[in-house]
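A.B. asks: How does the following fold in three dimensions:
(2 chains)
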Amino acid sequence: MDDEQTPDESLPELQAIARELAALGDADVPREIAVRLDARLSAERAATPLGVTRRKRRRTLRVASLAAGLAAAAVIGIVIVSQLSGSDGSPAATTPAASALAESSVAGDSAAGSTLAKQAVLPKPCRKPKAKPPCRTKRCRIVRKKATKARHRACRQARGASAPGG
Amino acid sequence: MPLGTPDEELARRAPTDDAAFDELVHRHRGRVYAIALRLCRDPDDAEDALQDTFIKAYRALGHFDGRAQFSTWIYRIAVNASYDVISKRRETVPLDAVAELVAQTDPFEASDRRARLISAVDALPDPFREAAVLCDIAGLTPAEAGELTGTPEGTMKSRSYRARALLVRALREPDEAG
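C.D. replies: Next up, the predicted model:
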């Protein structure tokens, strides 16, 4: 069987044997071997970083879709509740939480009213205390560049009332 | 998964799509097992090589660049996995004892003509059997088979031709083939 020996087989015979050899790979593997192969591949998928990454991605997608669904349901619920309470119009129809919210807003309004009264007496507070005051008196905190002389004067008077000599 | 999807397209999807990889396994496991069985000449070793082949392929999917056919790529992995299994086996079991068991124990080799062909392939001297498996069963070109085994292309081509001739002769004379 050395390389120098010349075969006397015909070309069609050689081609036929090549086809038969190729056909050896056409058959599928026996069922039990296929089952064991699938089991091994499943174990590999579960163990490799690639498999872990895929599982994490699937889990994240599931959580995200669940959260999106819950958020949509919550928004729809809020809209329905607000429409129902709005159509009735009576305070008795509102929920306890909604009435508590309304009470707190009323209390907030009264506090805001007293603040406005103080602002009517004092000059307008400065918005940018770190900026260089245009007024020469250091205590004046008016920072508007185009402040009028009247405003500077009012500021000085107000500061002078609280701290004389300013 | 559509049946007509090319292997290379499935291989591109496989890193993120288990179904694509399953389809590739389904398409090629028969030929990979045939290659491993003829190289190892033992069903258990061939099954080990089969599993190792697809495990290695799964891990290396990112390195498949699509320049070669997927079938060529996976068969090269199969041949290497088979040689790995053979080298491990040689440390523990004598080859002659294994070769005796082959054709009778494997249900994969059913029909008479097929069984005779398989026996004849297994009886070939190693270089010719290797050439027949790589070039005819795996479908590699002589250049690819030569690169895989470290043999010149011309030598591999010659061995493949000689292997076919020897098989023809063996199948003509069934009494001598067994």
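A.B. asks: pLDDT weak spots in chain A?
C.D. replies: Counting by pLDDT under 70, chain A has low-confidence residues at A:1-8, A:48-56, A:86-147, A:161-166.
A.B. asks: Stretch B:68-75 near chain A at all?
C.D. replies: No: interface with chain A: stretch B:68-75 contributes nothing (Cβ under 8 Å from any Cβ of the partner chain), its closest point being 9.1 Å away. No exception for glycine: its C-beta is placed from N, CA and C like everyone else's.
A.B. asks: Identify the residues contacting that stretch?
C.D. replies: B:7-8, B:10-11, B:24, B:28, B:31-32, B:35, B:53, B:57, B:64, B:138-140, B:144 (Cβ atoms under 8 Å, 6 or more residues apart in numbering or on different chains).
A.B. asks: Could you identify the longest helix within chain B?
C.D. replies: helix B:18-40 (DSSP state H).
A.B. asks: Rounded mean pLDDT for it, please.
C.D. replies: Averaging pLDDT along helix B:18-40 yields 91.
A.B. asks: Please apply the same query to stretch B:82-99.
C.D. replies: 70.
A.B. asks: what's the answer for stretch B:50-68, then?
C.D. replies: Here stretch B:50-68 scores 88 as its mean pLDDT.
A.B. asks: any idea which helix or strand comes after the longest helix of chain B?
C.D. replies: helix B:43-59 (DSSP states H and E).
A.B. asks: Can you dump the C-alpha atoms of that following helix in CSV for me?
C.D. replies: Extracted in CSV, the C-alpha atoms of helix B:43-59 (Å, rounded to 0.1, in the frame of the first residue of the first chain):
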residue,chain,number,x,y,z
PRO,B,43,-18.5,4.9,19.4
ASP,B,44,-17.9,6.2,22.9
ASP,B,45,-14.8,8.2,21.9
ALA,B,46,-16.7,9.5,18.8
GLU,B,47,-19.5,10.7,21.1
ASP,B,48,-17.0,12.5,23.3
ALA,B,49,-15.5,14.1,20.2
LEU,B,50,-19.0,15.0,19.0
GLN,B,51,-19.8,16.8,22.2
ASP,B,52,-16.4,18.4,22.5
THR,B,53,-16.8,19.7,18.9
PHE,B,54,-20.0,21.6,19.5
ILE,B,55,-18.9,22.8,22.9
LYS,B,56,-15.8,24.3,21.4
ALA,B,57,-17.8,25.7,18.5
TYR,B,58,-20.3,27.3,20.9
ARG,B,59,-17.4,28.9,22.8
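A.B. asks: How about it and chain A, any contact?
C.D. replies: Yes: contact between helix B:43-59 and chain A, assessed by Cβ under 8 Å from any Cβ, occurs at B:E47, B:L50, B:Q51, B:F54, B:I55, B:Y58, B:R59.
A.B. asks: how big is the angle separating the longest helix along chain A from helix B:43-59?
C.D. replies: When chain A is scanned for its longest helix (criterion: DSSP H), the result is helix A:49-88. Following axes from the mean of the first three to the mean of the last three Cα atoms, to 10 degrees, one obtains 50 degrees for the angle between helix A:49-88 and helix B:43-59.
A.B. asks: Quick one: list the elements packing against helix A:49-88.
C.D. replies: helix A:31-47 (3 or more Cβ pairs under 8 Å, 6 or more residues apart in numbering or on different chains; DSSP states H and E).
A.B. asks: Does anything pack onto the helix it packs on? Which helices or strands?
C.D. replies: Helix A:31-47 sits against helix A:49-88, helix B:18-40, helix B:43-59, with contacts defined as 3+ Cβ pairs under 8 Å, 6+ apart.
A.B. asks: Select, out of the ones you listed, the one closest to B:I118.
C.D. replies: Closest of the helices and strands packed on helix A:31-47 to B:I118 is helix B:18-40, at 7.5 Å (criterion: Cβ to Cβ).
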